[in-house]
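**Student:** Let's see this in three dimensions:
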Amino acid sequence: MTQRRIADSENSASCPSCGQPMAPQQRCPRCGAETGRRFSLKVVRYVSLLTALVGTVLVWMVARSAKVPTIRVADIRSDMDWAYVRVLGVVTRHPSHEPSSGQLAFWLDDGTGEIRVTAYRPVSDRLLEAPQLPAMGDLVRVEGTLRLREDFRQLVVSLPSALDIERPTPVVSSIADLTEEHLFRRVCLRGQVRDVRIPYEGLVLIALRDATGAVDVVSEEGFGTTYGTALSLVVGEHVELCGAVTTYAGRLQLALDSATVAPQLPAPVEIASPRQIAQIGHKDVGQFVRLRGTVSAVAHIGSGLRLLVDDGSGTLVVVVWQDVAAQQEGLQDIAQGTPVDVQGRIAEYRGQLEVVPEIVGDIRCLGPPTEVTAQLRLDQLGMEQLGDMVMVEAQIAYSIPSPSGVRFGLRDGNAEGYLLAWANWLASCPAAAQLVPGAQVRVRGLVNFYEGRLEIVPQHPDDVIVTTMGALAEAAPGVPVEPTAEPLSPAGSSEARPTQTPPATPSPVPSPTQAVWETGAVRPETAGEQLTVQGMIVDLVLFASGQRCQVDDGSGPLAMWLPKEPFAVLYGDASWQFGSVVRAQGIVQLYKGEVELVLAALGDVRIVQAAAPLTAPVTRMADLREGHVGQRITVEGRVVEVRPFSQGIKYLLDDGSGRLTLLLWQSVLDDLPGRECMALGSLVRATGRVSAYQGALELAPGIGRDVICTP
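**Tutor:** Have a look, this model is predicted:
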C-alpha cells in the first residue's frame, strides 16, 4: 500500500488551469488544458552516471599524457618537498647498498649540482635483479619524489621503470690527453703497471704509465667495484684499465668500476720513446725517457750500481738502486761493453744528469759485452793514441793539487803516466776521496798531449774506479806508513792546468807514525792535538757550511766536522753513509763545549768499509711515542700539507694510520735529489731522528739522501 502511494504521488499531478488532479497526461481530461510532458528522473540518473564515467576517463587520459617536469639540481627550492620530478645527470660515485635495510643509493651530477638518488625495498630488490646497475660515469634519467631537509636533498625512486641507465662506450685515450673535460667520462687506458700501493685496507692505488705520462688508478672495496681485480695486478704488467675519470687533490685519476676488465695485453705497451743522449738536457729533469747504448763504465756503490751508458751521441749516468739491481737477474754482474736498453726518470744530482730506472725490467741487457775501450799498459801509450779513449790500470804514486784540479802520477810497473783531474770532475767523482797515493785505480779517459807529455783525462765521474785502497787504508793502527814508490817528476803547467808546486824531482817524505785513538777517548784536554780515529758513522747532519759526522768504534761517539770546501765531493759518495767504517785524521777542537775532530783536506778521511744498503723497517706513525725522541727511524706517507718557514720547509705526512711532521732544513733541501717532487700528494720515505717541538713529534733527516720522493 505504501509503495503504491509513493508511485501515485510520483505519477500524480494537478492541472495548471483547473487545479483538478490529473494523470500524467499532456492534456487535462476535465478542462482540456495543455500541460506539457515532465522530465523523467531516471533519465537524470543515467545522464549523471555517464557524465561521471566520461570525466574520469578524460582525467586519466590527461594524466597519462602529462610529462613529468625535468628540473636542474640548482633549481630545487625548499617548497618543492614531495614534488615528483625528473633529473638527468652522470653518476659520480660508486653505488652503495645496505643489505640490512635494502637501501640502494648513488649520487647524480647534472652539471649544476649533486643529488642523492635512493631506492628502498621492494624497488631496490627489483633494481638489483636488473641486468645493469648504475656505475660511475653512466648517464642516468631518473624520476622520483623529492625529499628535502635543511642541509640534505635526495630523490626517492618509487618505480623500477623510473630509472633509465645509458652506459657510454669507453673511449681509448692516452694519459696525456686526459683533461678536466673528461671528468666523470668513461675512458680506457693502456700502459704498464709501475706500482701497486695499499695506503689502507680497502683502497688500492695503481700507478699506470704510457708513453705520454703517468696517472693513478683507484679501486675501492665496496658494492659493485673491482677491488679484488686491482689487488691481483702485478708491477710490470702491461694492461688495459677502464673506468671513469675523477679528481683527487687537484690531480686527475681513473676510478675502476664493476664493468672494468684488466687483461694482460698480448704485446707490451711502449711507455717511453727512444731518445738520443745528446738530445737530453736539464730541461728534461723529471721526464721519463728511454735510451739504448753500451755500458762504458761500471761502478758498484753501496746503494746499487752506477753505469755510464754511451749511445754514440753522448754519455749519461744510469743509477740503479739496490732494490732494483738485486731483483734484476744478471745485473749485478753487468760488465763494460754490455749493450743495454734503459728507461727511467731523468734526475739531477749536483748538477749532473742521471737516468734512474724505477722497477725491475726498466733496464735490459741486449747481449753479451763487447770490447769498447782499448785497455793498454802505460808503456803502450803513444802519439798514435792521441784523442782516443783508452783504459789503464795503475797505482797512484803522488798527487799535485792546484786551484783548477789535481794531477796524479801513475805507475803500473812498466812505465810512468799522468792522470789529469779537473776540479769540476773531482766535485762529481764518487771515488774522489779515495784517490790517494798507493791506491790502485782503473782509469778510462781521452789521451791528451800537454807540454811534451801524454796524459789521460777522464770525461765522466765514473771513469776512475778505485780497485784497491791506498796504503794508509791498509795500514794497521800504530804502524808507520811509507810511500809505495818514489814520486814521478811531474810536468809543468800553465794557468789553465794544475800548477806545479813541488820541485822537478821531489823526494818522498815518510809519514810519521800515527796511532789510532779510540773515539770515546778523545777528551777536551786533547784540544789542539792532531789525532787519527777509526769508527762507524752513526749520524750525518748537513749544514750550509759543512757536514757534522759522528763516528763510534764502540767506546763512545765522536763528532767530526767536514767543511764544505773541500769535502763537498764526499757528501755525494753513496758509500759515505750511516753504517760505513771510516778512518780520519784531524785537529781536536772545542765547539760550544763539545769535542770535535776538524778535518782539513780530502786525504784526511777514507772509507775503510762501505756499509751495505740500509733496509730500515718503516714505522707506523700511529705507533710513535715520546719514547722515540732521539731515535733514528724510517717513515713513509703522502704529503698532505706544506708549510715553508724562514730556515726550511715542514711537510705533513700521512700514512693512513696517523700524521707526522717532516722537518727539512734548508741545507738538507739543497742537498735533496729531485726536490721538485716534494709536493702535495707525493709519496715520501724519510729516515731521520725523532725530535719534539711544542709538544708535537717531528722527524728531521740529516742529509738529502735520507729522503726519497715518488710523485
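**Student:** make it CA atoms for all contacts and neighbour counts henceforth
**Tutor:** Noted.
**Student:** Determine the number of other residues adjacent to the nearest residue to P21 once chain neighbours are set aside.
**Tutor:** Excluding the flanking residues, the one nearest P21 by Cα to Cα, 6 or more residues apart in numbering is S14, at 4.4 Å. Taking other Cα atoms under 10 Å as the neighbour definition, S14 ends up with a count of 14.
**Student:** likewise the one 4 residues further on?
**Tutor:** Residue neighbour count, defined by other Cα under 10 Å, stands at 12 for C18.
**Student:** I figured it hits C31, correct?
**Tutor:** Yes: with contacts counted by Cα atoms under 8 Å, C18 reaches C31, the gap being 6.6 Å.
**Student:** Kindly provide the distance from the residue nearest to P21 to V457.
**Tutor:** Look at S14 and V457: by Cα to Cα, to the nearest Å, they are 145 Å apart.
**Student:** just G55 next, same as before
**Tutor:** Distance from G55 to V457, by Cα to Cα: 107 Å.
**Student:** and those two? which has more neighbours close in?
**Tutor:** V457 (22 against 11).
**Student:** three-state assignment of Q343?
**Tutor:** strand (DSSP: H, G, I helix; E, B strand; the rest coil).
**Student:** Over to D379?
**Tutor:** helix.
**Student:** which residues does it contact?
**Tutor:** D379 makes contact with 414-416, according to Cα atoms under 8 Å, 6 or more residues apart in numbering.
**Student:** Filter these down to just the ones in strands.
**Tutor:** For these, the ones inside strands are E416, with DSSP state E as the criterion.
**Student:** Most neighbours among the contacts of D379, which one is it?
**Tutor:** E416 (18 neighbours).
**Student:** isn't it right next to F408, touching?
**Tutor:** No: assessed by Cα under 8 Å, E416 is found out of contact with F408, at 10.7 Å.
**Student:** Name the residues contacting each of these two.
**Tutor:** Common neighbours of E416 and F408 (Cα under 8 Å, 6+ apart) do not exist.
**Student:** Now R583: which helix or strand?
**Tutor:** Assessed by DSSP states H and E, R583 sits inside strand 581-591.
**Student:** the strands in the stretch 101-250 of the chain, which residues?
**Tutor:** Along the stretch 101-250 of the chain, counting by DSSP state E, counting those that start in this stretch, strands occupy 103-109, 114-119, 139-148, 153-157, 163-166, 171-173, 186-200, 203-210, 213-220, 238-248.
**Student:** Could you do the stretch 601-711 of the chain as well?
**Tutor:** Per DSSP E, counting those that start in this stretch, the stretch 601-711 of the chain carries strands over the ranges 605-609, 632-645, 648-654, 659-665, 683-693, 696-700, 707-710.
**Student:** which stretch among those comes nearest V289?
**Tutor:** strand 707-710 (16.4 Å; Cα to Cα).
**Student:** now the closest one, how far from the centre of its chain.
**Tutor:** 8 Å (Cα atoms, centre = their mean, to the nearest Å).
**Student:** The least confident helix or strand in the chain by mean pLDDT: what's the following helix or strand?
**Tutor:** One helix or strand of the chain scores below all others by mean pLDDT, DSSP states H and E: helix 471-474, with a mean of 38. Counting by DSSP H and E, the next helix or strand C-terminal to helix 471-474 is strand 516-517.
**Student:** Show me how the protein divides into domains.
**Tutor:** Residue ranges for the domains of the chain, per automatic domain parsing: 1-66, 73-166, 171-256, 277-365, 374-474, 516-609, 621-710.
**Student:** mind putting the ones you listed in CSV, distance to E270 included?
**Tutor:** What follows is those, written out as CSV (distance: least, Cα to Cα, whole Å):
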stretch, distance to E270
domain 1-66, 57
domain 73-166, 28
domain 171-256, 6
domain 277-365, 10
domain 374-474, 30
domain 516-609, 32
domain 621-710, 21
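**Student:** what's the least confident stretch among the ones you listed?
**Tutor:** For the domains of the chain, mean pLDDT drops lowest on domain 1-66, to a mean of 69.
**Student:** Tell me the one of the contacts of D379 nearest S273?
**Tutor:** Looking across those and measuring by Cα to Cα, the closest to S273 is E416, at 46.3 Å.
**Student:** Report all helices and strands that the longest helix belonging to the chain contacts.
**Tutor:** The longest helix of the chain (DSSP state H) is helix 41-65. For helix 41-65, not one helix or strand is in contact under the criterion 3 or more Cα pairs under 8 Å, 6 or more residues apart in numbering; DSSP states H and E.
**Student:** do you know how far the residue nearest to P21 is from L41?
**Tutor:** 19 Å.
**Student:** So which residues make contact with stretch 167-178?
**Tutor:** With contact meaning Cα under 8 Å, 6+ apart, stretch 167-178 is reached by 137-139, 185-190, 209-210, 212-215, 242-243, 252.
**Student:** Any buried residues in it, and which?
**Tutor:** 167, 174-175, 178 (16 or more other Cα atoms under 10 Å).
**Student:** What about the nearest residue to A611 once chain neighbours are set aside, how many residues nearby?
**Tutor:** Computed as Cα to Cα, 6+ apart, the closest residue to A611 that is not its neighbour in sequence is S580, at 4.3 Å. S580 sits with 20 neighbouring residues when counted by other Cα under 10 Å.
**Student:** do P199 as well
**Tutor:** 15.
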